[in-house]
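> could you work out the structure for the sequence below:
(chains A and B)
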Amino acid sequence: MAAFSATSVTFASSLKLSLRNNVITERTSNLKMVTVGWRKNSFPSLKTNRFRVSCAAKPETVQKVCDIVRKQLSLPAETQLTSESKFVDLGADSLDTVEIVMTLEEEFEITVEEDSSQNITTVQEAADLIEKLVEKKAA
Amino acid sequence: MQKQVLSLYRGFLRAARSKSPEDRHQVETIVSTEFRQNSKQVDRKNFIYIEYLLRRGKKQLEQLKSPDTVRLSSLNVSLSQTKNSEK
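Here you go, the predicted structure:
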């Protein structure tokens, strides 16, 4: 694992790529990412790097959220579901949204604060928040 | 006010988690039926009534939270009674 994070530092100039690598690895690597950040603190573009981490959720997380949303709203298989999909557009009312957030909590073993759960309106927002909370839990 | 209702709904779903899978499913079905029914039937501007429902819901939630409340028969009765009185 240590070797891996070292590699990604070497590739840090092609930041986007190395970021992807980092993000796609398992949860445990999140901790290492932080260490990388510290070591390379003077690196100017690193800020964008870390910012992106909190912003763009893993594709697999997005996918999992999509599946849960689909199941929760009993959407037919042909319904298009993207990360930009708004729950409201999918026919969810406020109660459905609460149910979705509750199911997500269980699936990802996290606790979503009441305040932030009110702000979730799209799959992407849900996935981003989940990543943040999972990261926080791992740290 | 909508926030309060949603928060109460979350509370119920959270409380349901502490029950056995079978009971939990039952609790969730009843709770969501009740909320959905009220969301359709109750006038959104009828604040006094909604406030009353909120207070009542909070009390029921307290009861449900107690580990002694395992079976739903009691909750079932109270819910069906209130449903009748609403009609």
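
> what parts of chain B come near chain A?
When proximity is defined as CB under 8 Å from any CB of the partner chain, chain B approaches chain A at B:2-3, B:6-7, B:9-10, B:13-14, B:17, B:32, B:35-36, B:39. Where C-beta positions appear, they are placed from N, C-alpha and C, glycine not excepted.

> tell me which entries of these lie within helices.
B:2-3, B:6-7, B:9-10, B:13-14, B:17, B:32, B:35-36, B:39 (DSSP state H).

> select only the buried ones of the residues of chain B next to chain A in PyMOL?
Buried residues within the residues of chain B next to chain A, by 16 or more other CB atoms under 10 Å in any protein chain shown, are selected in PyMOL with:
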select buried, chain B and resi 6+9+10+13+32+35
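
> minimum pLDDT in the residues of chain B next to chain A, which residue is that?
Lowest pLDDT within those is found at residue B:2 (85).

> quick check: closest non-adjacent residue to it.
Nearest residue to residue B:2, sequence neighbours excluded (CB to CB, 6 or more residues apart in numbering or on different chains): residue A:94, at 6.5 Å.

> you'd agree the one you found is up against residue B:6?
Yes - contact criterion CB atoms under 8 Å: residue A:94 and residue B:6 qualify, at 5.8 Å.

> burial count for residue A:126?
Residue A:126: 29 surrounding residues under other CB atoms under 10 Å in any protein chain shown.

> regarding it, what is its secondary structure?
Secondary structure, DSSP: H, G, I helix; E, B strand; the rest coil: residue A:126 is helix.

> dump the residue contacts of it.
With contacts defined as CB atoms under 8 Å, 6 or more residues apart in numbering or on different chains, the neighbours of residue A:126 are A:65, A:69, A:100, A:101, A:104, A:120.

> show me where pLDDT drops low in the chain?
Since no chain was named, I'll use chain A. Residue ranges of chain A with pLDDT under 70: A:1-56.

> that answer is for a different chain, and I need it for chain B
Where chain B drops to pLDDT under 70, the residues are B:68-87.
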